[in-house]
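Asker: Any chance you could fold what I've pasted below:
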Amino acid sequence: MKKIYFSKTLSLTLLLTALGAMAAQAEIADPLVQSDAQSHPATTQWETKPGSIARSEVAPLDDQETTDLASAVASEAAPSRSDQILAIDPRAFTPQPQLTSGAIDTKSKTVDSPIRAAAIPSVLVADMHLTPMGQVNNVFELRDIAPTDWAYAALRDLVNRYGCVKGYPDGTFRGNRALSRYEFAAALNACMQVIEQSLAQIGDRFATQQDLEALGRLVQEFEAELASLTTQVDDLEGRVQTLEDNQFSTTTKLFGQVTMGVQGRSQGNFGVAGTRIEDTENEINVIHSTNLSLFTQFSPRSLLLTTFNAGDGRSTDRFTDTLANYISLAYEGDTNNQLQLSDLNYRHLFGTNFAVMVGPQGISPVNVFRGTNRIESQGSGPLSRFAQRNPIMGIGGGRAGVGIDWQINPDISFQGVYASQLPADPLNGGIFGGDNNSTTVGAQFVVSPTSNIDVSLQYINSYSPFGRLLTGIGDDQLIIGNTSTVFNLRAPMQTNAFGFGAEFRPSERLTLGGWAGYTFSDYIVADGGVETFNWMTFLNFPDLGGEGNLLGLYFGQPPRITRSTMPNAATGGQARNVPSFLNRGDILNAAAGGQQGATYHVEAFYRWQLSNNISITPGLVWVISPFHVGSNSDIVIGAVRTTFSF
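Answerer: Just a heads-up that it's a prediction; the model follows:
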């Protein structure tokens with residue numbers, strides 16, 4: 001549509017023609033301004049929504065105007081960082097749509113973007129929500145208006161009498177700037193609202209017939225523009241929304257989590273290899289860990305995930321390979337405060353339901369499989385490592401490899417993974433093998449027969465050269481490695497693991513679930529094998545005591561060797577059976593058999609969500625008969641975890 005420009009000052013003279021005979025017997029307030037005691041309405045006739053008006057239909061803003069309006073938006077309308085939501089969850093396998101720059105209201109899901117500043121039309125009527133200057137109550141507040149200006153009287157009346165004209169945030173009016181018909185129509189509409197309010201207050205005592213006729217002529221003159229504005233705004237809102245939904249620019253976003261825990265445990269003693277050991281690490285200590293994730297999206301379908309972590313502190317320094325398997329907490333990540341790379345992988349979505357994940361770091365069943373327990377997280381889930389997920393998902397300790405995620409239909413999904421533990425070592429490891437390398441192949445089906453039930457089935461096949469599952473939980477060492485004629489700790493085994501998980505949500509405030517895991521490991525060098533079993537049940541109470549809070553109750557048994565057929569004496573006259581060695585110290589003539597006792601794990605925690613970014617989680621963990629030995633002292637762990645997310 002063709003634009004017609006005339007100066008702002010001349011336009012005000014035309015407005016004054018419609019208002020001239022009208023006396024302001026009562027103070028008339030700007031219809032867009034409310035008292036301090038009132039809250040601003042969600043929308044007003046001139047409230048500009050993000051991206052609602054395109055600059056192609058109004059006169060362009062000059063640099064100073066853009067700066068002023070941007071400053072106003074930044075100071076008055078920009079929400080805090082706590083209103084932002086993550087564009088991509090760190091555990092999400094398929095990439096999410098890229099968000100525009102700016103903050104997002106997590107309830108309304110509307111974007112409050114810096115783009116808004118450039119989209120505001122330079123109309124004479126400035127929204128009070130967007131200008132720190134506020135309403136101009138006197139013409140003298142406009143520093144570029146002087147009594148000698150030819151339109152001074154007209155501007156004085158429009159500002160002082162009717163309050164329907166305002167200046168820019170810097171205290172100027174800029175009366176010589178060109179004005180389009182649309183801007184004039186907007187100003188006219190604001191003054192019409194003042195007149196209508198005035199008429200409602202003072203009736204017909206002061207407005208003359210001539211005043212109303214002059215006003216009618218102006219309304220008729222700009223009737224098309226006023227009608228067109230509404231239509232164009234609606235049309236442009238739809239067009240801008242479409243552009244925002246489909247636009248994309250390659251960006252990298254930083255997300256982080258800092259976890260700090262204060263914890264201590266009861267004093268006791270336990271037996272290992274026939275020797276009684278006193279646990280003296282009972283002082284209350286502090287553990288902290290930091291995770292920084294960089295999400296780089298190259299298209300709406302692809303992203304690169306890079307994660308660094310650093311931390312200090314652990315539950316035990318003496319028994320890192322034994323007792324730690326029963327008492328370790330989820331947020332332990334002791335790197336001696338050295339920054340380490342934990343994720344470096346690329347993820348791409350093909351079509352609408354098939355995604356691929358590949359990279360040299362962060363590829364394992366834990367990162368590829370979808371967990372049925374929806375709260376698993378070191379910072380916001382259970383306190384202990386065991387209660388996070390089925391331990392069989394950690395078998396093999398994978399780092400590099402490839403994973404897939406296939407949404408077969410709305411109710412069934414499939415995930416697959418291949419991972420190598422030492423991908424960068426050309427001598428001992430590599431991507432596909434090596435004498436000292438663990439490799440893992442896994443698959444999972446997740447079925448959701450109803451909206452409140454999730455069921456998962458897992459299978460994992462893994463090779464380990466040292467007789468370990470590499471889960472770091474419960475009975476992790478299954479076969480004793482070479483320690484006699486050759487001390488290399490080798491005990492190559494092939495493991496087949498099967499898992500089952502389920503979660504039932506009878507209401508929004510209650511979740512019941514659990515898992516079970518079974519493994520059979522075949523000793524490759526000689527006849528013999530080892531079986532383990534673990535299980536867990538849990539109750540979660542979301543939003544208990546407030547939105548975002550969570551009460552969790554967990555009870556289960558960490559991985560336990562239930563059966564072992566390892567020979568009494570193998571190469572060099574050395575026995576391999578772990579339960580016999582742990583219980584009695586037998587190394588030469590260890591009898592076959594599984595654990596005689598059983599360890600039980602009891603955990604209760606309450607997550608208190610202080611804000612969108614801060615939570616505090618106190619809790620207790622009770623480990624009954626650690627090492628699956630009934631004579632060992634129970635261990636009670638008390639912890640308070642604080643998590644900061646940004």
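
Asker: any idea which element E196 lies in?
Answerer: helix 181-202 (DSSP states H and E).

Asker: Show me what that helix is packed up against.
Answerer: Packing partners of helix 181-202 (3 or more CB pairs under 8 Å, 6 or more residues apart in numbering; DSSP states H and E): helix 8-19, helix 209-221, helix 223-246. For glycine as for every other residue, the C-beta is placed from the backbone atoms N, C-alpha and C.

Asker: what about 6 Å?
Answerer: When contacts are defined as 3 or more CB pairs under 6 Å, 6 or more residues apart in numbering; DSSP states H and E, helix 181-202 sits against helix 223-246.

Asker: and the next helix or strand after the helix it packs on, which residues are buried?
Answerer: Following helix 223-246 in sequence order, the next helix or strand is strand 251-265 (DSSP H and E). Of all the residues in strand 251-265, those buried under the rule 16 or more other CB atoms under 10 Å are K253, F255, Q257, V258, T259, M260, G261, Q263, R265.

Asker: what's near enough to touch the first one?
Answerer: Contacts of K253 were listed using CB atoms under 6 Å, 6 or more residues apart in numbering, and they are F295.

Asker: Kindly provide the distance from it to A227.
Answerer: According to CB to CB, to the nearest Å, K253 and A227 sit 43 Å apart.

Asker: again, but for the second one
Answerer: When distances are taken as CB to CB, F255 and A227 turn out to be 47 Å apart.

Asker: same deal with F541?
Answerer: 55 Å.

Asker: can you check T242 too?
Answerer: Taking CB to CB, one finds T242 at 24 Å from A227.

Asker: Only C-alpha atoms, please: export the helix holding E196 in PDB.
Answerer: This file holds the C-alpha atoms of helix 181-202, laid out as PDB (Å, rounded to 0.1, in the frame of the first residue of the first chain):
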ATOM      1  CA  ARG A 181      -1.000   7.700   7.500                       C
ATOM      2  CA  TYR A 182      -0.900   4.600   9.600                       C
ATOM      3  CA  GLU A 183       1.000   6.400  12.400                       C
ATOM      4  CA  PHE A 184      -1.400   9.300  12.200                       C
ATOM      5  CA  ALA A 185      -4.400   6.800  12.400                       C
ATOM      6  CA  ALA A 186      -2.900   5.300  15.500                       C
ATOM      7  CA  ALA A 187      -2.500   8.700  17.200                       C
ATOM      8  CA  LEU A 188      -6.000   9.600  16.100                       C
ATOM      9  CA  ASN A 189      -7.400   6.400  17.600                       C
ATOM     10  CA  ALA A 190      -5.700   7.100  21.000                       C
ATOM     11  CA  CYS A 191      -7.200  10.600  21.100                       C
ATOM     12  CA  MET A 192     -10.600   9.200  20.200                       C
ATOM     13  CA  GLN A 193     -10.400   6.900  23.200                       C
ATOM     14  CA  VAL A 194      -9.700  10.000  25.400                       C
ATOM     15  CA  ILE A 195     -12.700  11.800  23.900                       C
ATOM     16  CA  GLU A 196     -15.000   8.700  24.400                       C
ATOM     17  CA  GLN A 197     -13.800   8.500  28.100                       C
ATOM     18  CA  SER A 198     -14.300  12.200  28.500                       C
ATOM     19  CA  LEU A 199     -17.800  12.100  27.000                       C
ATOM     20  CA  ALA A 200     -18.700   9.300  29.400                       C
ATOM     21  CA  GLN A 201     -17.600  11.400  32.300                       C
ATOM     22  CA  ILE A 202     -18.900  14.800  31.500                       C
END
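
Asker: got the angle between that helix and helix 223-246?
Answerer: Note on geometry: by axes from the mean of the first three to the mean of the last three CA atoms, to 10 degrees, helix 181-202 and helix 223-246 are set 110 degrees apart in direction.

Asker: List the buried residues of helix 181-202.
Answerer: Buried, per 16+ other CB under 10 Å, within helix 181-202: 181-195, 197-198, 202.

Asker: Point out where the stretch 451-600 of the chain drops to low pLDDT.
Answerer: 484-485, 569-573, 585-590 (pLDDT under 70).

Asker: And the helices in it, which stretches?
Answerer: Ranges of helices within the stretch 451-600 of the chain are 578-584, based on DSSP state H, counting those that start in this stretch.

Asker: ok, which stretches of it are strands?
Answerer: 453-464, 493-507, 510-523, 529-542, 550-564, 600-609 (DSSP state E, counting those that start in this stretch).

Asker: Which one, of the ones you listed, ends up nearest to G313?
Answerer: For G313, the closest of the strands of the stretch 451-600 of the chain is strand 600-609, at 18.9 Å, according to CB to CB.

Asker: Could you give the average pLDDT over the helix or strand following the closest one?
Answerer: Going down the chain from strand 600-609, the next helix or strand is strand 614-624, by DSSP H and E. Across strand 614-624, pLDDT averages out at 98.

Asker: and after strand 614-624, which helix or strand comes next?
Answerer: Counting by DSSP H and E, the element after strand 614-624 in chain order, helix or strand, is strand 635-645.

Asker: Neighbouring strands - and their directions - for that following strand?
Answerer: Applying DSSP bridges, strand 635-645 is found paired with strand 251-265 (antiparallel), strand 614-624 (antiparallel).

Asker: relative to strand 600-609, how tilted is it?
Answerer: 30 degrees.

Asker: List the buried residues for strand 635-645?
Answerer: Buried-residue list, strand 635-645, by 16+ other CB under 10 Å: I635, I637, A639, R641, T642, T643, S645.

Asker: Below-threshold pLDDT in the stretch 201-350 of the chain: ranges please.
Answerer: 201-208, 244-250.

Asker: how does it look with 50?
Answerer: Along the stretch 201-350 of the chain, no part satisfies pLDDT under 50.

Asker: for the stretch 1-150 of the chain, same thing?
Answerer: For the stretch 1-150 of the chain (pLDDT under 50), the answer is 1-6, 21-135.

Asker: Make TSV out of the buried residues of strand 251-265 and add distance to P506.
Answerer: Putting these into TSV (distance: CB to CB, whole Å) gives the following:
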residue	distance to P506
K253	37
F255	33
Q257	31
V258	35
T259	31
M260	35
G261	32
Q263	33
R265	35
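
Asker: What is the neighbour count of Q407?
Answerer: If you count neighbours by other CB atoms under 10 Å, Q407 ends up with 16.

Asker: so what pLDDT did G371 get?
Answerer: 82.

Asker: burial count for the closest residue to I327 other than its chain neighbours?
Answerer: Excluding the flanking residues, the one nearest I327 by CB to CB, 6 or more residues apart in numbering is S315, at 5.1 Å. Using other CB under 10 Å, S315 has 26 other residues around it.

Asker: how much space between the residue nearest to L610 when sequence neighbours are not counted and V602?
Answerer: Nearest residue to L610 in three dimensions, chain neighbours excluded: I616, at 6.4 Å (CB to CB, 6+ apart). As judged by CB to CB, I616 and V602 stand 21 Å apart.

Asker: V623: neighbour count?
Answerer: 26.

Asker: check contacts around the residue lying closest to it once chain neighbours are set aside.
Answerer: Among residues not flanking V623 along the chain, I635 sits closest, at 4.3 Å (CB to CB, 6+ apart). When contacts are counted by CB under 6 Å, 6+ apart, I635 touches R265, S266, V623, P626.

Asker: Repeat the analysis, applying 8 Å as the threshold.
Answerer: R265, S266, G268, D279, Y326, I327, W622, V623, P626 (CB atoms under 8 Å, 6 or more residues apart in numbering).

Asker: so the second one touches N282, yeah?
Answerer: What it means is S266. Yes - with contact defined as CB atoms under 8 Å, S266 counts as touching N282 (7.0 Å).

Asker: Report the set of residues contacting both of these two.
Answerer: Common neighbours of S266 and N282 (CB under 8 Å, 6+ apart) do not exist.

Asker: who's more crowded, F541 and A227?
Answerer: Set F541 next to A227 and count neighbours by other CB under 10 Å: F541 wins out with 15 against 11.

Asker: Look up how far L512 lies from that one.
Answerer: Taking CB to CB, one finds F541 at 10 Å from L512.

Asker: same question, A153
Answerer: Using CB to CB, A153 is found at 77 Å from L512.

Asker: same thing with F498?
Answerer: 22 Å.
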